[in-house]
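Visitor: coords below, sequence missing:
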């Protein structure tokens, strides 16, 4: 895969991945216009959406409805290393979603290719939450 990076102005940086363009910017506080997500935000979003894809694929493969299922992802900052120390993914399922699939949903989310490329130093915790 080839990604071409261009600089459209200010501190904006665009990644051209044919036929797509992924735009990034920095926050106003970071010297940008806040017109697009920052690159690091996209990195985190790629982890969350990748986990979501695998959860959806699991449901589809079992004939389970994925309607009403969502994921949230939060981070915990490690002040010693000055990096994210923990990523917490919660798979939110309806109350009537079969509990017997909880571990399978977690395993599906953990198969995510983005997660597989993370350093072992970052812990990724995945849980199921009923709402």
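Guide: All right, it came through fine. Please read all numbers here as calculations on a predicted model, not as lab measurements.
Visitor: Where do the helices of this protein begin and end?
Guide: For the chain, applying DSSP state H gives helices covering 39-62, 102-110, 113-116.
Visitor: State the mean pLDDT of the last one.
Guide: This means helix 113-116. For helix 113-116, the mean pLDDT works out to 87.
Visitor: Please apply the same query to the first one.
Guide: The average pLDDT within helix 39-62 is 96.
Visitor: cool, and the second one?
Guide: In this model, helix 102-110 carries a mean pLDDT of 96.
Visitor: That one packs against which elements?
Guide: helix 39-62, strand 83-93, strand 123-130 (3 or more Cβ pairs under 8 Å, 6 or more residues apart in numbering; DSSP states H and E). No exception for glycine: its C-beta is placed from N, CA and C like everyone else's.
Visitor: Show residues contacting it.
Guide: 51-52, 54-55, 57-58, 71, 89, 91, 93, 115, 124, 126-128 (Cβ atoms under 8 Å, 6 or more residues apart in numbering).
Visitor: Quick one: buried ones out of those?
Guide: 51-52, 54-55, 58, 71, 89, 91, 93, 115, 124, 126, 128 (16 or more other Cβ atoms under 10 Å).
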